[in-house]
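> Attaching a predicted model along with its sequence, questions to come.
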Amino acid sequence: MADVDLDRALEVALELADWAAETIRRPRDPADEVREKDGPADIVTATDEAVERHVRETLARAFPGHGIVGEEYGTTLGAADAPHWVVDPVDGTTNYAHGLGWCSFSLGLAAADGTPLLGVVADPWRGETFSAVRGAGAHLNGVRTHAAAHTTLTGHAFLTEWAAHAHWPGMDALLAELADRHCTVRVMGSTALSLAQVAAGRATAAAIGSFHAVDGLPALLIAQEAGAVALPELPDHNEPLLLAAPGAAEEAAALWRGAGVVAG
């Protein structure tokens, strides 16, 4: 792996997160067109595109040779063995386009082999920024944050997301098992922000049916650096992912596998 100045990378990532959060918070221009991409449940706005363009331009200046993988503009290859950035400019575009205050900006850096090195997730509406550098712990607005100390799912919150507009294989069986255990499930509409809640200790566990690095990798690293257990530790593209507080991880994994979800 090429040498990477992670302190400098984090500095740039946090500056971009602040800029993106401010941009997303601005009242939407009525001319900010909403367009379909792959279907009615997969949309994009001018804000998504403007934020990603700015992020790409900034990263290209600050880290020439790094690759970039973005939600809206695809892959820009970097130099051989160089790390690459992953960015989702507005994760939760459907919420954003409908005026619902739950979306996020997600930015991460990964080694050439995909190992996450750095992650930032910004919540524009609550003024919160989650961040982590591999091996250095997780932070929320600059203060160390940790996964919950809970030892059971019962009575606590479990966050998940649809696969676009649909349930994913095993999801219904998992929700039924969680309901039997009086574990409250929430579907909020932003993968990055939902996964990050495990790092904050707010959700005891969270799961998605299809991992995508642009919105999943930064939050995955943040949660792991906060002490959460991940199954698997680093999912392949489109593989399901489970995050859980360490004391509830065994219970969560048993329900996960019992529902027929493949992970770990």
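Structure received. Residues are numbered from 1 along each chain as shown.
> C-alpha from now on. contacts and neighbour counts both.
Will do.
> Give me the residue ranges of the stretch 151-264 of the chain where confidence is low.
Along the stretch 151-264 of the chain, the model assigns pLDDT under 70 to residues 262-264.
> at 50 instead, please
For the stretch 151-264 of the chain, the stretches with pLDDT under 50 are 264.
> hey, where'd the helices end up in it?
Assigned by DSSP state H, counting those that start in this stretch, the helices in the stretch 151-264 of the chain fall at 171-180, 191-199, 213-225, 249-258.
> Any idea how far the second one is from the middle of the chain?
With CA atoms, centre = their mean, to the nearest Å as the basis, helix 191-199 stands 6 Å off its chain's centre.
> Quick one: neighbours of Trp125, just the number.
15 (other CA atoms under 10 Å).
> which residues touch it?
Neighbouring residues of Trp125 by CA atoms under 8 Å, 6 or more residues apart in numbering: Ala21, Arg25, Gly101, Trp102.
> Then Glu177?
Leu255.
> what's the average pLDDT for stretch 123-143?
Across stretch 123-143, pLDDT averages out at 97.
> And it, what's buried?
Neighbour-count burial for stretch 123-143, counted by 16 or more other CA atoms under 10 Å, picks out 123-124, 128-134, 137-140.
> do stretch 90-108 as well
In stretch 90-108, counting by 16+ other CA under 10 Å, buried: 90-97, 101-108.
> Show me which pair in those is furthest apart.
The span of the buried residues of stretch 90-108, defined through CA to CA, is set by Ala97 and Gly108 at 23.9 Å.
> what's the residue closest to the geometric middle of the chain?
Residue closest to the average C-alpha location in the chain (CA atoms, centre = their mean): Ala192, at 2.3 Å.
> So what does Tyr104 look like in phi/psi?
Just so we're on the same page, residue 104 is Ser rather than Tyr. Dihedral angles of Ser104 (phi, psi; degrees, to the nearest 10) stand at phi -150, psi 170.
> ok now do it, which residues does it touch?
Neighbouring residues of Ser104 by CA under 8 Å, 6+ apart: Ala21, Pro89, Val90, Asp91, Gly92, Val121, Ala122, Asp123, Pro124, Ser190, Ala192, Leu193.
> ok, back up a step: any idea how far Cys103 is from the residue nearest to the centre of the chain?
Distance, Ala192 to Cys103, using CA to CA, to the nearest Å: 8 Å.
> any shared contact partners between the two?
Each of Asp91 lies in contact with both Ala192 and Cys103 under the rule CA under 8 Å, 6+ apart.
> quick one: the helix ranked longest in the chain to chain centroid distance?
Longest helix in the chain, counting residues (DSSP state H): helix 6-25. Taking CA atoms, centre = their mean, one finds helix 6-25 lying 15 Å from the centre of the chain it belongs to.
> do stretch 128-148 as well
14 Å.
> Look up how far Asp18 lies from the closest residue to Gly101 other than its chain neighbours.
Distances taken as CA to CA, 6 or more residues apart in numbering place Trp125 nearest to Gly101, at 6.1 Å, with adjacent residues excluded. Between Trp125 and Asp18 the computed distance is 12 Å (CA to CA).
> Repeat that for Leu10.
Relative to Asp18, Leu10 is positioned 12 Å away (CA to CA).
> Could you do Ala138 as well?
18 Å.
> And for Glu36?
Distance from Glu36 to Asp18, by CA to CA: 27 Å.
> More neighbours: which of these two?
Of the pair Glu36 and Asp18, Asp18 is the one with more neighbours under other CA under 10 Å, namely 17 against 11.
> Chain neighbours aside, what residue packs nearest to the more buried one?
Nearest one to Asp18, counting by CA to CA, 6+ apart, is Ala122 at 7.6 Å.
> which residues touch the residue nearest to the centre of the chain?
Counted by CA under 8 Å, 6+ apart, Ala192 has contacts Asp91, Ser104, Ser106, Val121, Asp215, Gly216, Pro218, Ala219.
> JSON lines for these, including distance to Ala147?
Converted to JSON lines, the contacts of Ala192 look like this (distance: CA to CA, whole Å):
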{"residue": "Asp91", "distance to Ala147": "22"}
{"residue": "Ser104", "distance to Ala147": "20"}
{"residue": "Ser106", "distance to Ala147": "19"}
{"residue": "Val121", "distance to Ala147": "16"}
{"residue": "Asp215", "distance to Ala147": "20"}
{"residue": "Gly216", "distance to Ala147": "17"}
{"residue": "Pro218", "distance to Ala147": "16"}
{"residue": "Ala219", "distance to Ala147": "13"}
